[in-house]
Each structure stands twice: as C-alpha cells, then as structure tokens.
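Novice: Provided below are the primary sequence and the corresponding predicted coordinates.
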Amino acid sequence: MYAMMRVKLADEKFECMLFKYQFDNKLNELMNSVTTLISACEEVQKSVRLRKLMAMILMLGNQINTGGSGSMAHGFTLDALLKLDEVSLPV
C-alpha cells in the first residue's frame, strides 16, 4: 500500500490499465451493435413491401392535397408520416 502511495498519478494509471483491459470487450459489443444496425438498414433498403407502402402513402398525400389533378409531389419527408393519423378515410 505504501509503494502505491508513492506512485505519481496512480489513479490515472489505474484507469488507463482498466480501460486497456476492457477495450476489446467493449469494442466487440459495439461492433455487434453496428453489424446489427447495418443489417437492419440493408433489410429496409431491400424491402419491397415498404417501398409499396411508401408509394401508397405518396399517392394518398397527392390525392388529398391536389384532388388527383395538378402537380404531383415526387416525395415526402419522414415527419409527414406523423400526419397520417389525422387522415380519416371513408370505409
């Protein structure tokens, strides 16, 4: 204990050793999460059903905004999706 008290910046050195010891495990955890995220993004990009759903939402928005005529939008922002719950369609 006495020898440890004489080491300069002992707490910083201990934190550095602890970081070095835990680095590989934390990196592996992070890489697993990144791999999962990349896989999810690829699935969204490849999804035919999502593409069809987005096309229907765009068509619905164009129909509501222009009545089916006039200039049609070529896209929409993601925050516009939040407004879908305000739309009530006749059944």
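Specialist: Cool, the structure landed.

Novice: What is the subsequent helix or strand relative to the helix or strand encompassing Lys20?
Specialist: Here Lys20, judged by DSSP states H and E, is contained in helix 10-46. Using DSSP H and E, the helix or strand that follows helix 10-46 in sequence is helix 48-66.

Novice: quick one on the thing from earlier: the inter-axis angle of the helix holding Lys20 versus helix 48-66?
Specialist: Calculated by axes from the mean of the first three to the mean of the last three C-alpha atoms, to 10 degrees, helix 10-46 forms an angle of 70 degrees with helix 48-66.

Novice: How is this structure divided into domains?
Specialist: 9-46, 48-91 (automatic domain parsing).

Novice: what's the least confident stretch among the ones you listed?
Specialist: For those, mean pLDDT drops lowest on domain 48-91, to a mean of 75.

Novice: That one: how far from the chain's middle?
Specialist: Centroid displacement of domain 48-91 relative to its chain, using C-alpha atoms, centre = their mean, to the nearest Å, is 23 Å.

Novice: OK, contacts around the residue nearest the centre of the chain?
Specialist: In the chain, the centroid-proximal residue (C-alpha atoms, centre = their mean) is Leu37; its distance is 7.5 Å. Applying C-beta atoms under 8 Å, 6 or more residues apart in numbering to Leu37 gives no contacts. In this view, the C-beta of every residue, glycine as well, is placed from N, C-alpha and C.

Novice: how near is it to Lys46?
Specialist: Going from Leu37 to Lys46 by C-beta to C-beta, to the nearest Å gives 15 Å.

Novice: again, but for Leu78
Specialist: 19 Å.

Novice: Settle it for me: which of the two has more neighbours?
Specialist: Each of Leu78 and Lys46 has its neighbours counted (other C-beta atoms under 10 Å); Lys46 has more, 9 against 6.
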